[in-house]
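S.K.: sharing a sequence plus its predicted fold:
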Amino acid sequence: MNSLDVVGPQLAVLIAAGIIVVIDAVVPHQRRLIPYVALAGLAASALWTVSWVSRGYEDDIFGGTLALDEYAAFFYFLFAGITATIVLASIDWVEREGRRQGEYYVLVLTACSGLMFLAAARDLITIFLALELSSIPQYILAGWGKDEKSSEAGLKYLLLGAIASSLLLYGMALLYGLTGTTLLTEIGSEVAANGADNRSLLIVATTLLIAGFGFKMAIVPFQMWVPDVYQGAPTPVTAFLSVGSKAAAFAVVTRIFFEALSPEFLSNDWSMVFAVIAAVSMIIGNIMAIVQTDIKRMLGYSSIAQAGNILVGLAAVSAGGGDAFKLGGSGVLFFLAAYAFTNLGAFVAIIAISQQINSDRIKDYAGMWKRSPFLAVMLAFCLVSLTGIPPTAGFWAKIFIFNAAIRADLAWLVIIGVANSAVSAFYYLSVVKQMFLGEPAEDAARVSTSPSIALAVGAASIGVLVFFVIPMPLLSAAESAIQGLVPLT
Amino acid sequence: MTPGLDHFLTVGALLFCLGLIVALSKRNAIGVLMGIELMLNAVNVTLLAFHRFTESANPVAGQTFVVFVITVAAAEAAVALALAVSFYRNRETVDVDRINLLRS
């Protein structure tokens, strides 16, 4: 088996990054081609994944350290789509910024390949490397802007991120010491066989893993960086962080906890931890979001609350046994995909608007309906989806997650979740109200939309609508992806 | 008495806690970075101790892990210093208490 063929989706992205470096250095007057090279690389990556879907999967690559299973393929498509949307949405911003255009796209593509490796990684070393491959470019991107807020966001993100990855590494070291291997599947069988004797140490290791990944997932109590970095980083980068690295963190956490830490004497504990963290994340995220006046900061807190929603699915998995495994796991994947479309749509609309009104304050969005009907409708639609009201994909996402939680006897968590959805409606819909009922300022000009932005926001919103009307294909893809993982014992 | 696994693990755990304390209490961004380096090296000590004293199906996994940790730590430090320089250019300080422009 040719291993390079198996990592083709990542290679395609990295090759595109290499071509961009060459174009940038050799033919600088052709710079405007760069985004299209990036898009071509992402399209090639998606096509390569399609070819794997048709050729059958390979789950023992490089000595079992990577797997190209349905689970990985699901996330390959997701990350290629996310990154393509980000590239489209960045074109105007990067041109306006006017400097180092090539490097920006190279970093975005490198981070994308890291995210893809993360979804496929099946070995502690590979997981760590993939995590850093995706994180380090994101640190740089967060500090990309010219203003001091952006460099502050970058430094803050990096320092806290590095502390989190040290905690993660210590957890991995303990896990390696307890089991003598770094392969997830071998750790799983070792833990099942002898883990009960070392239960306390395993719990320490698990806690450290949750702390390390919790930072990337943006859950309480590892959320303090989120609002600051979201507000300070350039908006396209914020959009990338909010969907890309969050989805990848959930992907890898699901894989680790299902494949390596699934025996009941452990999973009962971590599912309880996840349930509590989910409840606290939803409550804190939503309450803090209400009082925000900056729309990026508000979406930062809302993303903490959404991470809590996704965690409900993970908590349901082990509390409910075999059936909940499928329900909770596929609910998580469905939510991640729906959330990616929704949040990207919202952020791209914000990118377009904030570029022209030079403000992120919610009150400057007043009367946006009159200044740009298209962007106002799209943004409103995505905010409705974030709330979880039909006709949007966000509605099904919440239904599936809460359904899994009810099957797993976590009714208290569902009650908290539904109450929080009602709270979140308050701040999401107040932006909508501001845009449609507020009066624009006297001198407010129309806000125009460039074709690339319109394409990005249109595609995201259509995705949100389509997955409301026909959620079944996405759900069954999520189900077969989750069943590819080694199931809970 | 020859030092055994417990001794190395204790040293690793102590170093890790010291690093965490430094990282969380230092007011200077470079100091925080030094704390992080200490934590990473504590992880390396722990990994090598496990590698040396436990039976493993894959005898080089622990060492390989350490090599990658060292490499990534170097890359991360490079980016961190670059960001610290860019921050210093804007604000003429690397005091983390003054990284406070972003407030609600």
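M.R.: Received the coordinates, thanks.
S.K.: count of neighbours near the residue in the stretch 1-150 of chain A that chain B sits nearest to?
M.R.: Of all residues in the stretch 1-150 of chain A, residue A:148 sits closest to chain B, at 3.7 Å by C-beta to the nearest C-beta. (C-beta placed from N, C-alpha, C; glycine too.) By other C-beta atoms under 10 Å in any protein chain shown, the residues close to residue A:148 number 16.
S.K.: residue A:409: what secondary structure?
M.R.: coil (DSSP: H, G, I helix; E, B strand; the rest coil).
S.K.: how about stretch A:227-246, does it reach chain B?
M.R.: Yes - using C-beta under 8 Å from any C-beta of the partner chain, stretch A:227-246 reaches chain B at A:227, A:228, A:231, A:232.
S.K.: for chain B, state which of those residues is nearest.
M.R.: residue A:228 (4.1 Å).
S.K.: am I right that the closest one is in contact with residue A:154?
M.R.: No - here residue A:228 lies out of contact with residue A:154, judged by C-beta atoms under 8 Å, at a distance of 10.8 Å.
S.K.: quick one on the thing from earlier: highest neighbour count among the residues of stretch A:227-246 next to chain B?
M.R.: Going by other C-beta under 10 Å, residue A:232 tops these with 28 neighbours.
S.K.: before we move on, back to that, could I get the residues of stretch A:227-246 next to chain B as JSON lines with secondary structure and pLDDT?
M.R.: Putting these into JSON lines (DSSP: H, G, I helix; E, B strand; the rest coil; pLDDT from 0 to 100) gives the following:
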{"residue": "A:227", "secondary structure": "helix", "pLDDT": "91"}
{"residue": "A:228", "secondary structure": "helix", "pLDDT": "90"}
{"residue": "A:231", "secondary structure": "helix", "pLDDT": "91"}
{"residue": "A:232", "secondary structure": "helix", "pLDDT": "90"}
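S.K.: tell me the one of these nearest residue B:26?
M.R.: Closest approach to residue B:26 among those (C-beta to C-beta): residue A:228, at 18.7 Å.
S.K.: pretty sure residue A:407 is touching residue A:313, no?
M.R.: No - Residue A:407 lies out of contact with residue A:313 (C-beta under 8 Å); the separation is 11.3 Å.
S.K.: and those two? which has more neighbours close in?
M.R.: residue A:313 (31 against 16).
S.K.: right, and that one touches residue A:326 too?
M.R.: No - the pair residue A:313 / residue A:326 is not scored as a contact, 11.2 Å apart, by C-beta under 8 Å.
S.K.: residues in contact with residue B:50?
M.R.: A:173, A:176, A:177, A:180, B:5, B:62 (C-beta atoms under 8 Å, 6 or more residues apart in numbering or on different chains).
S.K.: 6 Å instead, please
M.R.: Going by C-beta atoms under 6 Å, 6 or more residues apart in numbering or on different chains, residue B:50 touches A:176, A:177, B:62.
S.K.: count of residues packed around the first one?
M.R.: Each residue near residue A:176 was counted by other C-beta under 10 Å, and the total is 24.
S.K.: one more: the second one?
M.R.: Residue A:177 has 23 neighbouring residues, counting by other C-beta under 10 Å.
S.K.: and for the last one?
M.R.: By the measure other C-beta under 10 Å, the count of residues near residue B:62 is 25.
S.K.: how about it: what's its closest non-neighbour residue?
M.R.: residue B:51 (2.7 Å; C-beta to C-beta, 6 or more residues apart in numbering or on different chains).
S.K.: low pLDDT regions in chain B?
M.R.: Across chain B, the ranges flagged by pLDDT under 70 are B:99-104.
S.K.: you'd agree residue A:475 is in a helix?
M.R.: Yes - judged by three-state DSSP, residue A:475 forms part of a helix.
S.K.: need the contact list for it.
M.R.: residue A:334.
S.K.: do you know how far it is from residue A:394?
M.R.: To residue A:394, residue A:475 is 14 Å away according to C-beta to C-beta, to the nearest Å.
S.K.: quick check: closest non-adjacent residue to residue A:253.
M.R.: residue A:213 (4.9 Å).
S.K.: sorry, wrong one. I was asking about residue A:144.
M.R.: Residue A:144 sits nearest to residue A:234 (C-beta to C-beta, 6+ apart), 5.5 Å away.
S.K.: that neighbour - how many residues pack around it?
M.R.: Neighbours around residue A:234, by other C-beta under 10 Å: 24.
S.K.: likewise the one 3 residues further on?
M.R.: Using other C-beta under 10 Å, residue A:237 has 31 neighbouring residues.
S.K.: same question, residue B:7
M.R.: 12.
S.K.: next one: phi and psi at the residue nearest to residue A:144?
M.R.: Per-residue torsions, residue A:234: phi -60, psi 140 (degrees, to the nearest 10).
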